[in-house]
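Q: Quick one: sequence plus predicted model below, questions after.
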Amino acid sequence: MTFLKVNNLSVDYQMRKEIVRAAKNVNIEVNKGEILGLVGESGSGKSTVGNAIINLIDEPGKVSSGSVILGDLNIHENSESIVKYRGNKIGLIFQDPQTSLNPILTVGEQLIETIQTHLKLSKEEAKNKSINLLKEVGIKDAETRFDNYPHQFSGGMRQRVVISLALCCEPELLIADEPTTALDVSIQSQILELIKKLTKERNLAVILITHDMGVIAETADRVAVMKSGNLVEIGETKKILTKPQENYTKSLVSSVPPTDKKISRFVIVEKKNSDKIENNIKILNRWTKKKRIINQDLVEIKNLSKSFDDNFFTESSKNSVMAVNDVSFDIKEGESFGLVGESGSGKSTIAKMIVNLFKPTSGDIFFDNVCITKIKQRFELMKFRKQIQMIFQDPYSSLNGRLKVKDIIAEPITLHNPSISNIDLNNYIYDLLESVELTQNSADRYPHEFSGGQRQRISIARALATQPRLLVCDEPTSALDVSIQAQILNLLKDLQEQLNLTILFISHDLPVVRQMCDRIGVLKDGKLCEVSNTEDLFLKPDHEYTKELLRLMPKIESIYN
Amino acid sequence: MLVVAFVSFSLFNFVGDPINNMVGEETSDEERAELRETLGLMDPIHVQFSRFIVNASKGEFGISYQLRRPVSELIVERLPATIELVVISALIALITGTLLGVYTGINREGFLSDFVLAISLLGVSLPTFVIGILFIYLFAVILGILPSFGRGEVVDLGFWTTGFLTVSGLKAIILPSVTLSLFQMTYIIRLVRAEMMEILQTDYIKFARARGISENSIKYKHALKNGLIPVITIAGINIGTLIAFSIITETVFQWPGMGFLFIQAVQFVDIPIMSAYLVFIAFVFVMINFIVDILYYLIDPRIRVKGDDTSG
Amino acid sequence: MIQVDNKTLGTWERIKDSDIYHSFIKSPTAIVSSTILLIIFFCSFFVELITPYNPFDPSSLSLMDAFTPPSWTEEGLAKFILGTDGQGRDMLSTILYGCRISLIVGFSAIIFSLILGVGLGLTAGFFGGKYEMIVMRLTDVQLTVPSILMALLVDGIARGLISREMHDEMAIYVLIFAIGISEWPQFARVSRAATLVEKNKDYVSASTIIGVSNIIIMFKHILPNILRPVLVIGTIGLALAILAESTLSFLGVGVPPTTPSLGTLIRLGNDFLFSGEWWITFFPAIFLVILAFSINLLGDWMRDTLNPKLKK
C-alpha cells in the first residue's frame, strides 16, 4: 500500500541571473517496509527532493509547487504544519555524521529533547527509551555512552547515534541522504545492514539517497533515477539495473565499473563511438623515445616507514602514529600498480613519499635504480621531479584558481626548459590540451569555468607536460560522478598505452582498481597485507582482510542473483 | 611576565636621560650628579636590574620624575578609580553587546536588527574621545544634568576609595563608563552576531530542525550555547582593551585614574610611572588569560573530556 | 573533444560578470560610501586647488576673523563656510589639510603593518615548525596588548630616544611606526590561517612535484589566494588606523599642532567647547566620523560579499 505520495514536486532556487529549477514535477511513491533508492549524479536534484519532502530547503530555494501526502495527511498544506511532522512522522539522516550532532550537548540530552518534543514522556521514561534505542542501533554500553559527547564517538558510531535520533520518535518514513558516503566500506556495510534491519522490524518506508549504484543494488527494493531535476525512470531495482529503458539510465549503468570481471574500456553511451584517441597523439613527437622494456623494475620500495608526530616539541616516538609501517613492493615499467585500502591505511602517504612531498622516517625508494629519498642537491632532485608526476583527488583544489589554464600548464614546461620559445610553448600547450580532449580555447580560461571532470583533464595535461615516466594517481576519480569517472579512466588507459606510462593507481574503490590495474597491493593500518596479480586477487584472495573487503564491497551484480 | 619586566626595565634604563627631563635647563652639573646618585642611576646595569625586579615584586617602582612621589603610592591612589570605571564599562559592554549580538544574529532581517547594526557600525567608527566630547557637550554643557569631569564625592574605605556610595559619585561614573563601553559594545555585537549566523547554518542545526525540535529551542539552546563560547575570549580581550581605552576616557573626563596618570607620564617622559603601568597591565593580562583558559575548560566539553574513540 | 562554450571573456567582462560587481551595483551602501570616500580623498589630496585659504600661511590669517561661527548662523561670514578657529583659520580648509595628514598617516601605517603582518604570516604558515611557533607566540602577545596602548608605548619610548627639537619633525614617522606596529598581528593571523589552508591544497603539492621552488610557490601561488581576507582586514584596519591616529593626536602624543591632523584639531577645539564655540571641535569630529564610517561601511560590505560562509 502506498504510504508516501509525492505529486508534481518542484523546487526553485532564485539565483542572481535566473531561476534554477532543482526539481521539476517529481512524482514518487513509497510503500511501507520498502526502501526506495533515489539515485543520480551531483546536481541531479536527489538531495533537493529529500529535503523538499520535509520542506527543509536552504535559502534561497523554495518548494514552488506540488503536494506531499503521508498516509492520508497532506503535510505540505501550510509551512507551519510540516514542523509537527519532522522527527515525529519523518526522520532524516544526513551524509556527514561528524557535523550532524551538536558538539556541546551530550548524546543523551539531544535524544531526550527530541523525544520530549514529540512524545508525552517523563524525563525518566525518555531516558529509558533512549538507552533502548542506542542498544537497538548497535551501541554497546549504552548506559554509559548516553552521557558522552559526540566527539567521543567514532565516525561509524556517530552515524548510529544519528540514526537513533532520527528514529527516536518512531517515524514511519525515513529519509537517508547519502548516509554512508563519508564512511569506509566496512562501516558502510554495517550501517546499510542496520537500515535494512530497521526497515523490516519497524515497517518503515525508507528513501535512500545515494550516488552509488552498488549500494542501490544491495539495499533498494525499487529505484528512482534522477537527472538535472527530472525523474528519469522509476521501477524495480532489478529491472532498472538490468534492462534500463532510458538512455541516461543505460549510460549510468554502463559507467559503473563491474566488480566481477575486467573490461577493456567503459562504454560511453551518449557519445556514439567511444572515440579512442587517434593512434598518434601529437605530444608523442616530443616524448623521448624509449624502447619498451617489460618486466624491469621502475620503482622499488624497500622497508618504507613513516610516522607522524603529534607533538613536534618532544619528538618522542610515544605519541607518534605509524602511518606507513615497513612496506616493500616494486612497480614494473609500463604497468599499472594499484594500492587499495580504507581511509587511514597509509596509501596516500606512500604516494606522497614517492613524489617526494614527504620524507620517509626510514626505508628507501629507488627510481630507475637510484635512491631518490637520499638526494640532497636540488639539481639532482629536479631530474626526478621531471620523471614522476601526480594527479590528485580533488579537482577543485588541485588547480590554482588565480592562474589561467595556459599558465598552469606552462609552469612545468618553462621550469624544466627555460629556453623554449613562446610559439613552441603555445603549440605544446595546445597539443597537451588536445591529448586530454580539451579544445584550444580552454587555454585562456580560468579553472572555475570548468567542471570537475574537465579540471581533472587539465591536471592530467599539467602532469604530462614534463614527459614523466611514472604517473601517481591518488584517487583521481573518487570526487567525480560515475559517467565522468568512466571517461577519465578511459583517458588514462589510452594515455598509458600511447605513452608507455607507468601508473601507480591509488584508490579505495575495488571495482575501479580491478578495471585499471595489472597488479594490486592491499594496505591496512600502514601495513601491506598482500600483493598479487589483479585477477588472482579478486578470484582467490589470500589475506583475511582482502577477503573481508571483497565480501563487503557493494556489488551492482548482486542484483542478478 | 619576566619579559615584560625586562622591557620596562630597559625603558627605565636606556630611554633618554631622565635627569634631563626632570630638571630645568639651568640646573648645575653637581645638582644633576647628586640626583643621579639618589635615584641609583650610577650603579652597574645588572645591579639596577636585579634591584628593579626585587622592588617590582614588592610593588615599588621608584620615584616619579615628574611628581617626585613614590610611584607605588601614586598607583595605589589611582587604582580604585580605574578599576571601578573598567568594571562598570565591562559589564555594560558585555551584557548589552551579547544580548544585541544574539538578537541580531537570530533575527537577521527586520527593522530593529538593521537599526542596531547601523548603530553598531557607527559605534565602531566613533572614536572614544569623540563620544566623550559629544556626551560632555550634550549632558553637561547643554542639559547640565551630569558632571563633566572628576569622580564626584568619594568615600574612603581605608584601602579603597569608592564613588559608589554617594549620589554625586554615581552620577559622575555614568558618562565615562558609557563612553568607554560603547566602542567595545559595538565590537561585541558584531562578533556575537557573526558567530550566531555561522552556527545557524551548521549541519547540526539543520539536523535539529529535521528532528522537529522547536525553533525556540534551536535558537536559544542549541545555537546560543555554542555561540556563547567565543564570548569568553571576547570578554577577556574586552577587559584588556577597556583598560587601555580608559586612558582616553580618563583624559577626556579628567577621571583621576591610572590612565590619566600614564598619559601625563608619556607626555613628560616619566619613565618610572610608565614602566610601573606596563608591569601592572602585563600582570592584569596574564591573569585574564589564565581565567579565560579555566572558563574554557569548564564550558567546552571538547576540551574538558578528551576523546576516547575506542569502539567503532 | 570536449567543447567549452566558445566565447572567451576579456578582463572587463570578467569583472562585470563577477559576483562582486553585481553585489556592488545592488548595494546602495557600498556605492554611497565609496562615493563619499572618493570625494574625501580627492578633496584632501588636491586641497590647494579647492580652497582659497592656506591655514598654515600666517600672512593670510587675521585675528579679526577669529571665532567666526559657521556661515549660516547670524554672525557667520559667507567666506568662511564652517567658521574659523581661534587663530582666524578657515575651518573647512584646516579640516581638509588635517584630513590629508590623517589619511597619509593612516594609509602609511596600514601598508606598513600589512607588509609586516602578511610577510610574517605567510612565511610562518608556509614553513611551520619552530619559526611559526615563535611568530605566532609574538602575535599572541602583541594581540593581548591593545593597539592604542602599544602605540602610546612606542611613542613614549620614541620621545625618550629622540630629542625634543627633533621630535616634532619625526613625530609623523614615529606615529606611522607606532600605529603600524600595533596593527600587524591581525594581518599575520589572518594570512597565516589562510596560508595553512592554501598550503594543503593540491595545487601547491602539484607545483612542488613539478619542482617549483618554495619562494615562487609562496609569492606566485599562495599570496594571490590569501589576499581577499587580507584586503577586508586592511579596509577595516584603515579605519582603525585613522581613529588611532586621531586618538593619539587628541591625547597630545600624535602629530604636533603646527601640522594638525583631525585629532589635533578636535583637541584644540575641545578647549573652546565650554565657551560656546562648538564648531571648532564639532566639524573636525563629524568629518572624522564620516570618514571612518564610510570606510567601515565599505569594509563591512566587502566582508559580507567575500565571505563564502555567509552567502545569503
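A: Happy to help now that I have it. As the structure is a prediction and not an experimental result, all values here were calculated from the model.
Q: What count of nearby residues applies to whatever residue of the stretch 51-200 of chain A ends up closest to chain C?
A: For the stretch 51-200 of chain A, the residue closest to chain C is A:Glu59, as judged by CB to the nearest CB, at 6.4 Å. From N, CA and C alone the C-beta is placed, and that goes for glycine too. A count of nearby residues for A:Glu59, using other CB atoms under 10 Å in any protein chain shown, gives 10.
Q: all strands for the stretch 151-300 of chain B, in order.
A: Assigned by DSSP state E, counting those that start in this stretch, the strands in the stretch 151-300 of chain B fall at B:155-156, B:161-162.
Q: Export those as JSON lines, with columns for mean pLDDT and mean neighbour count.
A: Formatted as JSON lines, those follow (pLDDT from 0 to 100; neighbours: other CB atoms under 10 Å in any protein chain shown):
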{"stretch": "strand B:155-156", "mean pLDDT": "74", "mean neighbour count": "10"}
{"stretch": "strand B:161-162", "mean pLDDT": "74", "mean neighbour count": "18"}
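Q: Tell me which of the ones you listed lies nearest to A:Ser362.
A: strand B:161-162 (68.6 Å; CB to CB).
Q: now for that closest one, which elements pack on it?
A: Strand B:161-162 is packed against helix B:71-106, with contacts defined by 3 or more CB pairs under 8 Å, 6 or more residues apart in numbering or on different chains; DSSP states H and E.
Q: and the helix it packs on, how far out from the chain's middle?
A: In terms of CA atoms, centre = their mean, to the nearest Å, the centre of helix B:71-106 is found 7 Å from the chain centre.
Q: returning to that earlier point: and the strands of the stretch 151-300 of chain B: which comes nearest A:Phe266?
A: Taking the strands of the stretch 151-300 of chain B one by one with CB to CB, strand B:161-162 is closest: 83.0 Å.
Q: picking that back up, save the strands of the stretch 151-300 of chain B as TSV, and put in distance to A:Glu113 too.
A: Listed next are these as TSV, based on distance: least, CB to CB, whole Å:
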stretch	distance to A:Glu113
strand B:155-156	50
strand B:161-162	46
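Q: quick one: which of those strands is nearest B:Leu112?
A: Relative to B:Leu112, the nearest member of those by CB to CB is strand B:161-162, separated by 37.0 Å.
Q: How about the contacts made by residue 175?
A: You didn't say which chain, so I picked chain A. Residues near A:Ile175 by CB atoms under 8 Å, 6 or more residues apart in numbering or on different chains: A:Gly50, A:Ile53, A:Ile54, A:Ile90, A:Gly91, A:Leu92, A:Ile93, A:Val206, A:Ile207, A:Ile209.
Q: hmm, I had chain C in mind actually
A: By CB under 8 Å, 6+ apart, the neighbours of C:Leu175 are C:Val105, C:Ala109, C:Ala151, C:Asp155, C:Glu245, C:Leu248, C:Ser249, C:Gly254, C:Val255.
Q: closest to chain A among those?
A: Distances from chain A to these, taken by CB to the nearest CB, are shortest for C:Ala109, at 28.0 Å.
Q: what about the closest one, which helix or strand?
A: Element membership of C:Ala109, judged by DSSP states H and E, is helix C:91-127.
Q: Next, count neighbours for B:Leu157.
A: Counted by other CB under 10 Å, the residues lying close to B:Leu157 total 10.
Q: re earlier: would you mind measuring from the residue of the stretch 51-200 of chain A closest to chain C to chain B?
A: Plainly put, A:Glu59 is 9 Å away from chain B if you go by CB to the nearest CB, to the nearest Å.
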